[in-house]
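Visitor: Dropping a prediction and its sequence here:
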Amino acid sequence: QVQLVESGGGLAQAGGSLRLSCVVSGSIVSIGFMAWHRQAPGKQRELVATITQDASTIYADSVRGRFTISRDNAKNTMYLQMNSLKPEDTAVYYCNADVASGSTAYWYKYWGQGSQVTVSS
């Protein structure tokens, strides 16, 4: 069984910073592509940033230059450093990861439970 657990969300003022973490645990053989998504109230879930196993990254236009995605493969952990936060960044942030697990090393996409980020103006 594989689990993704996010932490680090909370309340920040506009212009402030927060760092999200996503820890992958379980019978892990390998972790491939990882990403952060977010969903604001009344809106569809949107992609925020992605990172490959060799740390190549892609960002949504709305966060490029403000957010930084990274990963520590030794710790099975992904991060999202969020700077210069804006009220429109308010959302539930979800991590996901492609993980090969178990004796068969079967690849499957897993999701975390979500972490609330609220930015006040």
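Guide: Great, that's in hand. Residues are numbered from 1 along each chain as shown.
Visitor: residue ranges of the helices in this protein, please?
Guide: Assigned by DSSP state H, the chain shows no helices.
Visitor: Identify each buried residue in stretch 57-70, please.
Guide: Using 16 or more other CB atoms under 10 Å as the test for burial, stretch 57-70 gives Tyr59, Val63, Phe67, Thr68, Ile69. C-beta: built from backbone N, CA, C; applies to glycine.
Visitor: for stretch 4-20, same thing?
Guide: By neighbour count on 16+ other CB under 10 Å, the buried set for stretch 4-20 is Leu4, Glu6, Gly8, Gly9, Ala12, Leu18, Leu20.
Visitor: Hmm, Gln81 is touching Trp36, no?
Guide: No: contact criterion CB atoms under 8 Å: Gln81 and Trp36 do not qualify, at 10.8 Å.
Visitor: Of the buried residues of stretch 57-70, which belong to strands?
Guide: Tyr59, Phe67, Thr68, Ile69 (DSSP state E).
Visitor: Tell me which two in the residues you listed are the farthest apart.
Guide: The largest separation in those, counting by CB to CB, is between Tyr59 and Thr68 at 8.6 Å.
Visitor: Quickly list what's touching both of Gln81 and Trp36.
Guide: Listed as contacting both Gln81 and Trp36 by CB atoms under 8 Å, 6 or more residues apart in numbering are Ile69.
Visitor: which of those two has more neighbours?
Guide: For Gln81 versus Trp36, the count of surrounding residues by other CB atoms under 10 Å is larger for Trp36: 27 against 14.
Visitor: The more buried one: what's it in contact with?
Guide: Contacts of Trp36 by CB under 8 Å, 6+ apart are Leu20, Cys22, Leu47, Val48, Ala49, Thr50, Ile69, Met78, Leu80, Tyr93, Tyr94, Cys95.
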